[in-house]
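# Quick one, what's the 3D model for this:
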Amino acid sequence: MQIADNAVASFHYTLTDDQGQVLDSSEGREPLTYLHGTGQIVPGLEKAMVGRVAGDQFKVDVAPAEGYGVHHAELVQAVPREAFQGVDDIQPGMQFQAHGPQGVVHVTVTQIDGDTVHIDGNHPLAGQTLHFDIQVTDVRAASEEELSHGHVHGPGGHHH
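Sure, this is the predicted structure:
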């Protein structure tokens, strides 16, 4: 069976950056399992999975626009430390939820400069080309229940 909309696909992956540094990998874990066509993986990788079958191995480079998005400078801001009420020890790398005009935004602290905290609302991989090394391990038709719920059930998926 080929990967197409409404198929459940499982795959092992290694994700690297432009310098070849491993950012994430399924090595030593179960393969990633997802319902194809529902946006559960980045768009560029989902497009590259179409038509693949169990046993296929391939590499794909995903541009920022088809990955975690381009980097938006306006999402990098300096805010007063008072904005972090109740947090005594703020450190770079800490992540928080903030409320913006479009709703909840996830931000990462990038720097602390006295009473000013620098935050970035971009995804940590925004603006980066994603280099995937993929091995498809299984492809099957989704069950009616999986289709109605919009996610995979059982091994590698959601358990109710």
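# So what's the residue count around the residue nearest to Phe11 when sequence neighbours are not counted?
Leaving aside its sequence neighbours, Phe11 sits nearest to Val136 (CB to CB, 6 or more residues apart in numbering; 4.8 Å). Bear in mind the C-beta positions are built from the backbone N, C-alpha and C, glycine included. The number of residues packed near Val136 is 21, by other CB atoms under 10 Å.
# How about His123?
16.
# so it makes contact with Tyr68?
Yes - assessed by CB atoms under 8 Å, His123 is found in contact with Tyr68 at 4.1 Å.
# what separates Gln111 from Val104, distance-wise?
Relative to Val104, Gln111 is positioned 23 Å away (CB to CB, to the nearest Å).
# Name the residue in those two with the higher neighbour count.
Legend: neighbour count by other CB under 10 Å for Gln111 and Val104, higher for Gln111 (11 against 8).
# Excluding covalently adjacent residues, which one is nearest to that one?
That would be His118: by CB to CB, 6+ apart, it lies 4.1 Å from Gln111.
# so who does that neighbour touch?
If a contact means CB atoms under 8 Å, 6 or more residues apart in numbering, then His118 has 76-78, 109-112 as its contacts.
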